[in-house]
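Enquirer: here's a sequence, model it:
(one chain, ligands or ions: 1)
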Amino acid sequence: MTDTLEVIRTRRSIRSFKPDMVPRDVIGQIVEAGTYAATGKNGQSPVILAVTNRRLRDRLSEMNAQIMGVDMDPFYGAPVVLVVLADKSRPTCVYDGSLVMGNLMLAAHALGIGSCWIHRAKEEFETEEGKELLRSLGIEGDYEGIGHCVLGYVDGEYPDAAKRKENWVYYIE
Ligand SMILES: Cc1cc2nc3c(=O)[nH]c(=O)nc-3n(C[C@H](O)[C@H](O)[C@H](O)COP(=O)(O)O)c2cc1C
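Expert: Purely as a prediction, here's the structure:
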C-alpha cells in the first residue's frame, strides 16, 4: 500500500495482535519515518525507544495498567512498543512528539503492520523507574512521555473507521 492518502484514510487503531515479532528492518523503517516528522524550529525534540525486549515490554505494560487501574495488558499483546518522549525544554515538545506518533502509525500501516497509540507515557516516565530507564540509556535532561505506538501483526478482523462527525471542516472561501 503506497498511496499516501489511502494509507491515511485506512489506518485504524488495532487492539488485537498476534505474538509474532516484527522484523528488525521493518521496525527500522517505521522509526525512521518517525524521525522525519516536522518539529518546531527543527528542534527534533523527541526520542523514540524501540522496545522489543520482552521483559521491558511487559514491565511497561504493567506500569501502564497500574496507572490506568486495570488488570489487563494495555498493549493488547503487541510484541513491539515504540515509546515517544520529547525534551521538555523545547516549547513545542508535545506537538513534536505527537506528530512523530502520527508518522509511526501511518508508516506501520503502509508496511502492513498494525498499530495503536497507547496513552499514559507521561505518567509512566514521571516515575522514578521511568526516569531511571532513561538514565540507563544515557538520555539526559527532562523528557515528557508522549505516547506508546504499539506494533504487531493484526489478529482478527481489520476494524472499520468510525463515522466522521458532522461539521469537521469549515470552508471559508
Ligand atoms: C492521544 C491518544 C491517546 C490514545 N490512547 C489510547 C489508549 O490508551 N488505548 C487505546 O486503546 N487507544 C488509544 N488511542 C486510540 C484512539 O482510541 C483511536 O485513535 C480512536 O478510537 C479512533 O480510532 P482509529 O485510530 O481507528 O481511527 C489513543 C489515541 C490518541 C490520539
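Enquirer: helix/strand/coil for the most centrally placed residue in the chain?
Expert: Nearest to the mean C-alpha position of the chain, counting by Cα atoms, centre = their mean, stands residue 149 at 2.0 Å. Classification of residue 149 using DSSP: H, G, I helix; E, B strand; the rest coil returns strand.
Enquirer: helices of the chain, residue ranges please.
Expert: For the chain, the helices defined by DSSP state H occupy 4-10, 24-35, 54-68, 93-110, 121-124, 128-136.
Enquirer: out of these, flag the one nearest residue 48.
Expert: helix 24-35 (5.3 Å; Cβ to Cβ). Placement of C-beta: from N, CA and C, glycine included.
Enquirer: just the buried positions in that closest one, please.
Expert: 26-27, 30-31, 33-34 (16 or more other Cβ atoms under 10 Å).
Enquirer: tell me the mean pLDDT over stretch 79-92?
Expert: For stretch 79-92, the mean pLDDT works out to 98.
Enquirer: and it, end to end?
Expert: 30 Å (Cα to Cα, to the nearest Å).
Enquirer: chain center to that stretch: distance?
Expert: Distance, stretch centre to chain centre, for stretch 79-92: 9 Å (Cα atoms, centre = their mean, to the nearest Å).
Enquirer: could the helices of the chain go into TSV alongside distance to the ligand?
Expert: Converted to TSV, those look like this (distance: least, Cβ to the nearest ligand atom, whole Å):
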stretch	distance to the ligand
helix 4-10	10
helix 24-35	15
helix 54-68	8
helix 93-110	7
helix 121-124	9
helix 128-136	16
